[in-house]
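Novice: compute the structure for the input listed below.
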Amino acid sequence: MIFFRFLLIIFLCGIYFSSNEELKNYYINQTNEQFNSINDYKVDMIIRLEIPAFRMPKKKYKVFYKQPDKIKVKAKGFGILPKTGLFTSPNDNFDNLKNLKISSFKDKSNIHDIIIVGDLIVDSLKLEMPNEYSRLTFNPTVEVKIDTSNWVIKNVTTKLDTLKLFQINNYYKFYDDYYMPEQSIVKYYIKDKKLFNWLNKDASNIIGQDASLMSNDSIVEGTITVNYKNYIINKGIDDKIFD
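Specialist: Numbering: from 1, shown residues only. Below you'll find the predicted structure:
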């Protein structure tokens, strides 16, 4: 009798883990399909940067995007353009994670929100570790919040243990029947200067190499706010734009 109960428990656990895996893949695939429904767009992006010891006035960009990965940015003069999570597909982002699972997170105010948690694959980062020990002990986790009513990513939070390293919040509205970001707020919570420099490489494509962003080892909170305006969506963009 005990043996049969044991088999029943194993069977039920197998069903649970199988259904959980299928549900997780469903969430990711639906979010990716929504992302891929946008074949191309043009948008004005206004960037405001707030990082200690670094000053930059608000900057305006004209951004062109075309599937699968064509991006063109037009801007005058000096500026910073955050790239993390803005132009990459959900599939590409989740490919950088392992041990994915659905969190027990519940939000009574946003009942359609779910969170998928995974361990960041450190080798996927362009990050030079000082030694092998540092590489092996650097194990950030990533939480991705998905709105399952519109199939968009609302929030991505990267943590090291309980310490936040990086967070991006996306706020959406409808533009010509397409649910697109109206604003993205990128936050850094960084103590280690080398780690900050890596994140800054990922978050910017135009920055002075001699800029001193940190002067001590205290935790620094930096914020980059991106506002999106004047979308033109799925109207076609000539490939010559990206030359």
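Novice: going by C-alpha atoms from here, please, whenever you check contacts or count neighbours.
Specialist: Fine.
Novice: and the strands in this structure?
Specialist: Secondary structure of the chain by DSSP state E: the strands cover 40-50, 59-66, 70-74, 97-102, 113-120, 141-147, 152-160, 163-175, 178-190, 220-233.
Novice: export those strands to TSV and tack on distance to D239?
Specialist: Shown next, in TSV, are these (distance: least, C-alpha to C-alpha, whole Å):
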stretch	distance to D239
strand 40-50	11
strand 59-66	9
strand 70-74	9
strand 97-102	32
strand 113-120	34
strand 141-147	32
strand 152-160	27
strand 163-175	24
strand 178-190	23
strand 220-233	15
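Novice: closest to L23 out of those?
Specialist: Comparison of those against L23 by C-alpha to C-alpha identifies strand 97-102 as nearest, at 8.5 Å.
Novice: give me the sheet partners of the closest one and which way each runs.
Specialist: Here strand 97-102 has these sheet partners by DSSP bridges: strand 113-120 (antiparallel).
Novice: now render the strands of the chain as TSV, adding mean neighbour count.
Specialist: Converted to TSV, the strands of the chain look like this (neighbours: other C-alpha atoms under 10 Å):
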stretch	mean neighbour count
strand 40-50	19
strand 59-66	19
strand 70-74	14
strand 97-102	16
strand 113-120	22
strand 141-147	22
strand 152-160	20
strand 163-175	17
strand 178-190	20
strand 220-233	18
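Novice: so which of these comes closest to K240?
Specialist: strand 70-74 (10.4 Å).
Novice: and of the strands of the chain, who's closest to Q30?
Specialist: Closest to Q30 of the strands of the chain is strand 152-160 (C-alpha to C-alpha; 9.0 Å).
Novice: which residues touch the closest one?
Specialist: For strand 152-160, contacts defined as C-alpha atoms under 8 Å, 6 or more residues apart in numbering pick out 31, 34-35, 138-147, 164-171.
Novice: what angle do it and strand 163-175 make?
Specialist: If you take axes from the mean of the first three to the mean of the last three C-alpha atoms, to 10 degrees, strand 152-160 sits at 170 degrees to strand 163-175.
Novice: could you give the angle of strand 152-160 to strand 178-190?
Specialist: Strand 152-160 and strand 178-190 are oriented at 10 degrees to each other (the same axes, to 10 degrees).
Novice: can you give the strand pairings for strand 152-160, parallel or anti for each?
Specialist: Counting by DSSP bridges, strand 152-160 is paired with strand 141-147 (antiparallel), strand 163-175 (antiparallel).
Novice: the bottom helix or strand of this structure by mean pLDDT?
Specialist: Lowest by mean pLDDT, DSSP states H and E among the helices and strands of the chain is helix 193-203, with a mean of 52.
Novice: sketch out the low-pLDDT regions of this structure for me.
Specialist: Along the chain, the model assigns pLDDT under 70 to residues 1-19, 53-56, 76-86, 124-137, 190-220.
Novice: let's see it at 80
Specialist: By pLDDT under 80, the low-scoring segments of the chain are 1-20, 51-58, 75-88, 122-138, 190-221.
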